[in-house]
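Undergrad: Here is my input; please provide its structure:
(one chain, ligands or ions: 1)
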Amino acid sequence: MSVSIDFPPSGLTARTRIKICGLTREQDVDKAVAAGADAIGLVFYARSPRYVSLERAVQLVRRLPPFVTPVGLFVNAEPAQIAEACAAIPTLLLQFHGDETLAQCEAPGRPYLRAARMMPGFDLLDFAQSCSSAQAILLDAHVEGYGGGGKVFDWSLIPSGVSRPVVLSGGLNHANVIDGVLRVRPCAVDVSSGVEVGKGVKDAALMRQFCEAVREADARRADADSGY
Ligand SMILES: O=C(O)c1ccccc1N[C@@H]1O[C@H](COP(=O)(O)O)[C@@H](O)[C@H]1O
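TA: Here you go, the predicted structure:
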């Protein structure tokens, strides 16, 4: 039986969720949670400078309180690697950031985010239609090496009427995220480079400033929506 999930239009989203990605150290997990992250990203892509082994990821996930979601980021991974991660971390939400097919995204049987690498000419409407089982489409800049490049893409490339909720990503930081939330109205934002002092090394103050900026954007958005 196929199940279709109805999602709230972005205007009804109570608050913009925050994912902080590329964590490699316990102290950064604690600080991300304290700053207000709803999700933390664990990069299982071996070519990334933010790569964590599964053993390390399990240690990091143990730090999480209830209701903070661990997200496993994969780039063209072998099914066995994904299955092993799902078994070791039962609450893992999957993020596919490579060239995975729909069948490969659905095979683990877990909720997943599908990354779209935005560039002029990319048909996001068609892409979202083809990922109908994705919990959300994560919009990132098209960069060499698949992602985590700290590059902002042209938000005017996002058409209206995308058929899945969107997560805004790509070069976000505390200075530009308010504009991003107000313009794109995503269900969530995702940041990595913009809260780092070194690859995989996060900064407590930058994470806090980022989360505060998102809350500020939500307040402005609520005011705008209520006609203040
Ligand atoms: O973080 C990485 O190293 C990475 C590697 C391969 C694919 C994606 C990766 N990170 C994701 O990229 C986006 C944007 O990150 P940034 O804020 O521009 O640095 C984000 O979704 C990360 O999860």
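Undergrad: Which residues of this structure lie near the ligand?
TA: Contact residues, the chain versus the ligand (C-beta under 6 Å from any ligand atom): 21-22, 41, 43, 45, 48, 50, 73, 75, 97, 138, 140, 146-150, 169-172, 190-194. Where C-beta positions appear, they are placed from N, C-alpha and C, glycine not excepted.
Undergrad: Quick check, central residue of the chain?
TA: In the chain, the centroid-proximal residue (C-alpha atoms, centre = their mean) is Asp190; its distance is 4.2 Å.
Undergrad: what kind of secondary structure is that residue in?
TA: What DSSP: H, G, I helix; E, B strand; the rest coil gives for Asp190 is strand.
Undergrad: how about it, what does it touch?
TA: 19-21, 41, 138, 140, 167-169, 172 (C-beta atoms under 8 Å, 6 or more residues apart in numbering).
Undergrad: just checking, which of the residues of the chain next to the ligand belong to strands?
TA: 21, 41, 43, 73, 138, 140, 190-191 (DSSP state E).
Undergrad: Identify, from those residues, the entry nearest to the ligand.
TA: Taking C-beta to the nearest ligand atom as the measure, the ligand lies nearest Cys21 of these, at 3.3 Å.
Undergrad: mind listing the strands for this protein?
TA: 17-21, 39-43, 69-74, 93-96, 112-118, 136-141, 166-168, 188-191, 196-198, 201-202.
Undergrad: Would you mind measuring from the residue nearest to Ile89 when sequence neighbours are not counted to the ligand?
TA: Distances taken as C-beta to C-beta, 6 or more residues apart in numbering place Val61 nearest to Ile89, at 5.4 Å, with adjacent residues excluded. According to C-beta to the nearest ligand atom, to the nearest Å, Val61 stands 16 Å off from the ligand.
Undergrad: Quick check: Val61 touching Leu93?
TA: No: with contact defined as C-beta atoms under 8 Å, Val61 does not count as touching Leu93 (11.5 Å).
Undergrad: what touches both of those two?
TA: Pro70.
Undergrad: longest single helix anywhere in this structure?
TA: Ranked by residue count under DSSP state H, the longest helix found in the chain is helix 204-226.
Undergrad: Now do Ser48: how many residues are near it, please.
TA: By other C-beta atoms under 10 Å, 20 other residues sit near Ser48.
Undergrad: surely it meets Gly148?
TA: Yes: proximity of Ser48 to Gly148 meets the contact threshold set by C-beta under 8 Å, at 6.2 Å.
Undergrad: residues shared between the contacts of those two?
TA: Gly22.
Undergrad: for the residue nearest to Ile89, what are its contacts?
TA: 42, 70, 89, 91-92.
Undergrad: farthest-separated two in those?
TA: With C-beta to C-beta as the measure, no two of the contacts of Val61 lie farther apart than Leu42 and Thr91, at 11.7 Å.
Undergrad: The ligand: which of the contacts of Val61 is nearest?
TA: The ligand has its nearest neighbour among the contacts of Val61 in Leu42, at 9.7 Å by C-beta to the nearest ligand atom.
Undergrad: Would you quantify the distance from the residue nearest to that closest one when sequence neighbours are not counted to Val71?
TA: Excluding its sequence neighbours, the residue lying closest to Leu42 (C-beta to C-beta, 6+ apart) is Ala57, at 4.5 Å. The spacing between Ala57 and Val71, counted by C-beta to C-beta, to the nearest Å, is 11 Å.
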